[in-house]
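> Fold the following for me, if possible:
(one chain, ligands or ions: 2)
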Amino acid sequence: MNTQIAFERIKGYIHGYIQECKNDEVITLYSHLSYGKMLRSKLLLAISDISDDALRVCALIEMIQSASLLHDDVIDDATIRRGTPSINATFGNKNAIMLGDVLYSKAFYELSVLDVELAKSVSSAVVRLSVGEIEDVSLSKQFHTNREAYVRMCADKTAALIVAAAECGAILKGLNKHIYRIYGENLGIAFQIIDDILDITQDALTLGKPSMSDFKEGKTTLPYMDLYECLDDEQKEILASYCGKKISSEQEIWIKTQMQEHNIIHKSVACAHLYANRALEAIAFENNDKLSDIITQMLNRSF
Ligand code: FPP
Ligand code: MG
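Ligands and ions are numbered 1, 2, ... in the order given. Below is the predicted model:
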């Protein structure tokens, strides 16, 4: 079975789970959700064989991923998700939160009938990603330069569910799950750093959301920390004062010009490569080219 057919089957499972909720409003709200790249499913299926159980776990992980983004868009006051109006923007915060709750709790119910090791892997990841979102909100209160806290937040918020996808793949295939956890953790951190870079380098059309929205939301991502280090005191103050504000296009241009002058994107990309290499080292003897391809695609993506 090729990946595209597998993805359609995963979507079929999710559709079936939603129908089982037997509520027209849930079905309507769900129909407005769009799928992303399904990276977690791709990863799980690159590790395990494509079986009924593997596709079900993928469906549950994708449902949890969608639930977390529904909640995240409420928390971030986002109006656009994947190029279309977000559920909270169209149907209000209450509906977005409740649809997230339905997806999340239905996924957990279905998880409880699967192997306990799989259930433990996914449920502990959800604890971590929720903690990661709390860390993100807390770090977004003001400009900061705490790299350690930033990486921890990326690991919790983004890598946790990627770790679970890799670990579940390893459990289903009977492989050493420790190796795949390390791979997933480092892939996830690199993925978030690249995401944070694209938020600056790509335009709104490519991103499906306004450019530099992280910084406008108060998030000090890696490129801003890298830039801060290169600025003089006066410039440092200017940069910090823009964080979390609705900055003008002139102010946006000032930040981007400073980044160009100090070769910041190159520095931040190098940091993403560092984590990507750690992921590659972890699976060096696993004889699975699909896992190195996933790293290459993740590093070279444009959205
Ligand atoms: C996107 O971050 C957000 C996440 C990766 C995780 C969000 C997690 C929660 C809200 C907890 C959810 C809890 C349950 C129980 C499902 P981002 O804002 O940096 O990315 P974005 O630009 O795509 O919005
Ligand atoms: Mg967000």
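> burial measure for the residue in the stretch 101-250 of the chain that ligand 2 sits nearest to, as a count.
Of the residues in the stretch 101-250 of the chain, the one nearest ligand 2 is residue 217, at a distance of 7.3 Å by CB to the ion. Any C-beta I mention is one placed from the backbone N, CA and C, and that applies to glycine too. The number of residues packed around residue 217, counting by other CB atoms under 10 Å, is 17.
> That one: what's it in contact with?
Applying CB atoms under 8 Å, 6 or more residues apart in numbering, one finds that residue 217 lies in contact with 76-77, 140, 244.
> Could you turn the buried ones of these into a PyMOL selection?
The following PyMOL selection, which keeps only the buried ones among these, applies the criterion 16 or more other CB atoms under 10 Å:
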select buried, resi 76+140+244
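> export the contacts of residue 217 to TSV and tack on pLDDT and distance to ligand 2?
Shown next, in TSV, are the contacts of residue 217 (pLDDT from 0 to 100; distance: CB to the ion, whole Å):
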residue	pLDDT	distance to ligand 2
76	92	4
77	91	9
140	97	10
244	96	14
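> Format the contacts of residue 217 as CSV; extra columns: secondary structure and distance to residue 183.
Written out in CSV, the entries for the contacts of residue 217 read as follows (DSSP: H, G, I helix; E, B strand; the rest coil; distance: CB to CB, whole Å):
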residue, secondary structure, distance to residue 183
76, coil, 29
77, coil, 34
140, coil, 29
244, coil, 34
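> contacts with ligand 1 among the contacts of residue 217, please.
The subset of those within reach of ligand 1, counting by CB under 6 Å from any ligand atom, consists of residue 76.
> Just the terminal-to-terminal distance for stretch 151-159.
Using CA to CA, to the nearest Å, the gap from the first to the last residue of stretch 151-159 comes to 10 Å.
> List the contacts of the helix or strand containing residue 29.
Per DSSP states H and E: residue 29 is located in helix 24-31. Judged by CB under 8 Å, 6+ apart, the contacts made with helix 24-31 from elsewhere in the structure are 18-19, 21, 87, 91, 95, 99, 102-103.
> tell me what the helix or strand following that helix is packed against?
Stepping forward along the backbone from helix 24-31, the first helix or strand reached (DSSP H and E) is helix 39-47. Packing contacts for helix 39-47, counted by 3 or more CB pairs under 8 Å, 6 or more residues apart in numbering; DSSP states H and E, involve helix 3-19, helix 52-75, helix 160-173, helix 177-201, helix 289-300.
> packing partners for the fourth one?
Counting by 3+ CB pairs under 8 Å, 6+ apart, the packing neighbours recorded for helix 177-201 are helix 39-47, helix 147-154, helix 160-173, helix 213-216, helix 222-230, helix 264-282, helix 289-300.
> Check those helices for me and report the most buried one.
Among the helices and strands packed on helix 177-201, the stretch with the highest mean neighbour count (mean count of other CB atoms under 10 Å) is helix 160-173, at a mean of 26.
> Distance from the chain centre to the helix holding residue 29, please.
The gap between the average C-alpha position of helix 24-31 and the chain average comes to 24 Å, counting by CA atoms, centre = their mean, to the nearest Å.
> List the buried residues for that helix?
Using 16+ other CB under 10 Å as the burial criterion, the residues of helix 24-31 that qualify are 26, 29-30.
> And stretch 227-243, by the same measure?
227-228, 231, 236, 239-240, 242-243.
> Max pairwise distance over the contacts of helix 24-31: which two?
Of all pairs drawn from the contacts of helix 24-31, the widest gap by CB to CB lies between 19 and 91 and measures 19.5 Å.
> thinking again about what came up before, between the helix holding residue 29 and helix 3-19, how many degrees?
An angle of 160 degrees separates the directions of helix 24-31 and helix 3-19 when computed by axes from the mean of the first three to the mean of the last three CA atoms, to 10 degrees.
> ok, and does stretch 117-134 reach over to ligand 2?
No. Judged by CB under 5 Å from the ion, stretch 117-134 and ligand 2 are separated, with a smallest distance of 9.0 Å.
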